[in-house]
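Got a sequence here, can you build the structure:
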Amino acid sequence: MGIFSIFSKNKKEKLDEGLQKTKESVFTKISKAIVGKSKVDDEVLDNLEEILVSSDVGVSTTLKIIERIEARVSRDKYLGTAELNQILKEEIAALLSENDKGDMLGFDFPKRETPYVIMVVGVNGVGKTTTIGKLAHQYKEAGKAVVLGAADTFRAAAVDQLKIWGERVGVPVITQGMGADPASVAFDTLKSAVATKADVVIIDTAGRLHNKINLMKELTKIKEVMKKVIPDAPHEILLILDASTGQNAIEQAKQFTASTEVNALALTKLDGTAKGGVAIGISEQFRIPVKYIGIGESKEDLQLFNKVEFVDSLFNQ
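Numbers count the residues shown, from 1 in each chain. Alright, predicted model coming up:
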């Protein structure tokens with residue numbers, strides 16, 4: 001059994017379907033680039049570079065991939081274009097593995113003395129609240145007791161949306177309503193989670209305040225208040241990015257990671273875009289792991305990101 005056939009068939013099929021738009025775009029471009037060619041030469045490599053950049057892999061990551069393929073061509077002397085997809089799979093997976101910082105805590109983890117606290121950040125419109133709902137569902141399916149905190153109190157819609165998700169997946173939501181102090185909501189949520197011996201706490205935060213400085217001050221305040229209840233909280237600061245925005249997602253990642261201690265990333269809406277290559281670029285460029293990917297609308301359509309599985313789905317005909 002090969003390395004690309006060890007994954008859950010159900011999840012793999014969903015991933016294949018979710019990446020269909022990106023895959024069709026990439027394969028169409030690659031097919032045109034190699035028509036009439038029998039081997040991987042300089043012209044094919046130039047075309048491939050353009051294809052990867054236009055698929056939002058990013059310039060710096062693309063150049064690293066091309067360098068690896070050039071080395072492969074030089075070493076193996078002759079590589080046919082029929083092998084190009086397999087070469088891409090192997091070299092991109094190897095590149096991403098070199099930057100692997102190790103697996104983060106998955107949905108099913110041993111019982112802890114205190115709840116595992118996730119603070120979710122990101123701009124409005126990226127699917128932040130929806131991702132929180134899907135996370136809550138996944139943790140509950142893994143047998144964990146989950147509590148949600150509605151600390152995005154600057155938008156009534158955000159509080160209401162989180163309450164709807166709480167009802168949908170059957171987990172409690174702590175809220176003080178619109179206009180309440182977000183740090184106070186976070187404090188109450190953690191106190192409730194400790195009292196009820198919950199396993200996981202997920203705190204929603206504002207996607208936008210009056211300016212960037214105010215937003216970062218608010219996030220810092222929330223973190224400090226949470227430490228009064230659980231000293232090492234938050235354990236995960238999860239930045240949500242919309243994959244369909246391509247390079248804008250990379251720019252948002254730069255801004256947030258420079259301003260707050262993000263240690264995990266989630267990419268949403270991969271199923272609705274041909275820009276899925278951005279997952280490769282973000283995974284390679286940042287010293288922060290992509291932990292989750294969203295590949296559909298249902299509550300089950302959030303997966304832990306597996307680099308090898310992702311690359312296989314993207315380049316497997």
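
Only C-alpha atoms from now on, for both contacts and neighbour counts.
OK.

which SS class is the spatially most central residue of the chain?
In the chain, the centroid-proximal residue (Cα atoms, centre = their mean) is residue 266; its distance is 2.2 Å. Using DSSP: H, G, I helix; E, B strand; the rest coil, the structure places residue 266 in strand.

which stretches of the stretch 151-300 of the chain have low pLDDT?
Low-confidence segments of the stretch 151-300 of the chain (pLDDT under 70): 209-211.

Quick one: the strands in the stretch 201-317 of the chain, in order.
Listed in chain order, the strands of the stretch 201-317 of the chain (DSSP state E, counting those that start in this stretch) span 236-242, 264-268, 290-294, 302-304.

quick one: the longest one to strand 290-294, angle?
Angular relation of strand 236-242 and strand 290-294 on a 0 to 180 degree scale: 40 degrees, by axes from the mean of the first three to the mean of the last three Cα atoms, to 10 degrees.

For stretch 109-127, buried residues please.
Buried residues in stretch 109-127, counted by 16 or more other Cα atoms under 10 Å: 114-123, 126-127.

swap that for stretch 225-243, please
Using 16+ other Cα under 10 Å as the test for burial, stretch 225-243 gives 225-226, 229-230, 233-234, 236-243.

Please tabulate the strands of the stretch 201-317 of the chain in CSV, including the columns distance to residue 182.
Output for these, formatted as CSV (distance: least, Cα to Cα, whole Å):
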stretch, distance to residue 182
strand 236-242, 16
strand 264-268, 21
strand 290-294, 25
strand 302-304, 26
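
so who does the residue nearest to the centre of the chain touch?
Contact analysis of residue 266 by Cα atoms under 8 Å, 6 or more residues apart in numbering lists 238-241, 290-294.

just to revisit the earlier point, the buried residues of stretch 225-243 into a markdown table, with extra columns for distance to residue 49?
Shown next, in a markdown table, are the buried residues of stretch 225-243 (distance: Cα to Cα, whole Å):
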| residue | distance to residue 49 |
| --- | --- |
| 225 | 47 |
| 226 | 46 |
| 229 | 50 |
| 230 | 48 |
| 233 | 42 |
| 234 | 40 |
| 236 | 35 |
| 237 | 34 |
| 238 | 31 |
| 239 | 29 |
| 240 | 28 |
| 241 | 25 |
| 242 | 24 |
| 243 | 20 |
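
and the two most separated of those residues?
Using Cα to Cα, the pair of the buried residues of stretch 225-243 lying farthest apart is 229 and 243, separated by 34.5 Å.

who's in contact with stretch 238-249?
With contact meaning Cα under 8 Å, 6+ apart, stretch 238-249 is reached by 56, 58, 118-123, 126-128, 252-253, 256, 262-270, 272-276, 278-279.

swap the cut-off to 6 Å and go again
Stretch 238-249 is contacted from outside by 56, 120-122, 126, 128, 264-270, 273, 275, 278, using Cα atoms under 6 Å, 6 or more residues apart in numbering.

Next, the buried residues of whatever helix or strand residue 32 lives in.
Using DSSP states H and E, residue 32 sits within helix 20-34. When burial is assessed from 16+ other Cα under 10 Å, helix 20-34 yields the following buried residues: 20-23, 25-27, 29-30, 33-34.

And for residue 255, the neighbour number?
12 (other Cα atoms under 10 Å).

same thing with residue 140?
Residues near residue 140, counting by other Cα under 10 Å, number 19.

just residue 36 next, same as before
Residue 36 has 9 neighbouring residues, counting by other Cα under 10 Å.

The one 3 residues further on now?
Burial measure for residue 39: 16 neighbouring residues, criterion other Cα under 10 Å.
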